[in-house]
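*Asks:* coordinates only, no sequence provided:
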């Protein structure tokens, strides 16, 4: 991920985990944000600092921290960031998720590249 300011300068960049081919490459816009939300696949799983920017026929897709199972254990380790492990969203470490949450207001452009 690259966070790019309006003047084109890079504010931050870091590894994330996503799902290959989801969402499709293109230009999107942040449409909602939540400090905490639950997974549509497992209601007991939680994700913090959600920044939603895309939709599928099943759910919304966004940036968030590494989700936690109902027992509090993480879905993946920090060392696994950079690998395709997500169900569709873009997973980040907690510090990066907070940075994204503060950076991306509703209406912010999101560009997904292949």
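*Replies:* Sure, I can see it. None of these values were measured; they are calculated from a predicted model.

*Asks:* packing partners of the lengthiest strand in the chain?
*Replies:* In the chain, taking DSSP state E as the definition, the longest strand is strand 46-55. Packed against strand 46-55, as judged by 3 or more CB pairs under 8 Å, 6 or more residues apart in numbering; DSSP states H and E, are the following elements: strand 26-29, strand 32-38, strand 60-65, helix 94-103, strand 109-112. C-beta: built from backbone N, CA, C; applies to glycine.

*Asks:* kindly recompute the last result at 6 Å.
*Replies:* Packing contacts for strand 46-55, counted by 3 or more CB pairs under 6 Å, 6 or more residues apart in numbering; DSSP states H and E, involve strand 32-38, strand 60-65, helix 94-103.

*Asks:* with mean pLDDT and mean neighbour count added, can I get these in TSV?
*Replies:* Output for the helices and strands packed on strand 46-55, formatted as TSV (pLDDT from 0 to 100; neighbours: other CB atoms under 10 Å):
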stretch	mean pLDDT	mean neighbour count
strand 32-38	96	15
strand 60-65	96	24
helix 94-103	97	18
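
*Asks:* out of the ones you listed, nearest to residue 86?
*Replies:* Closest to residue 86 of the helices and strands packed on strand 46-55, according to CB to CB: strand 60-65, at 9.2 Å.

*Asks:* contact partners of stretch 85-105?
*Replies:* 3, 14, 16-19, 22, 30, 41, 49, 51, 61-66, 76, 78 (CB atoms under 6 Å, 6 or more residues apart in numbering).

*Asks:* one more time with 8 Å
*Replies:* 1, 3, 11-12, 14, 16-19, 22-23, 30, 33, 35, 39, 41, 47-51, 53, 56, 59, 61-67, 75-76, 78, 81, 110 (CB atoms under 8 Å, 6 or more residues apart in numbering).
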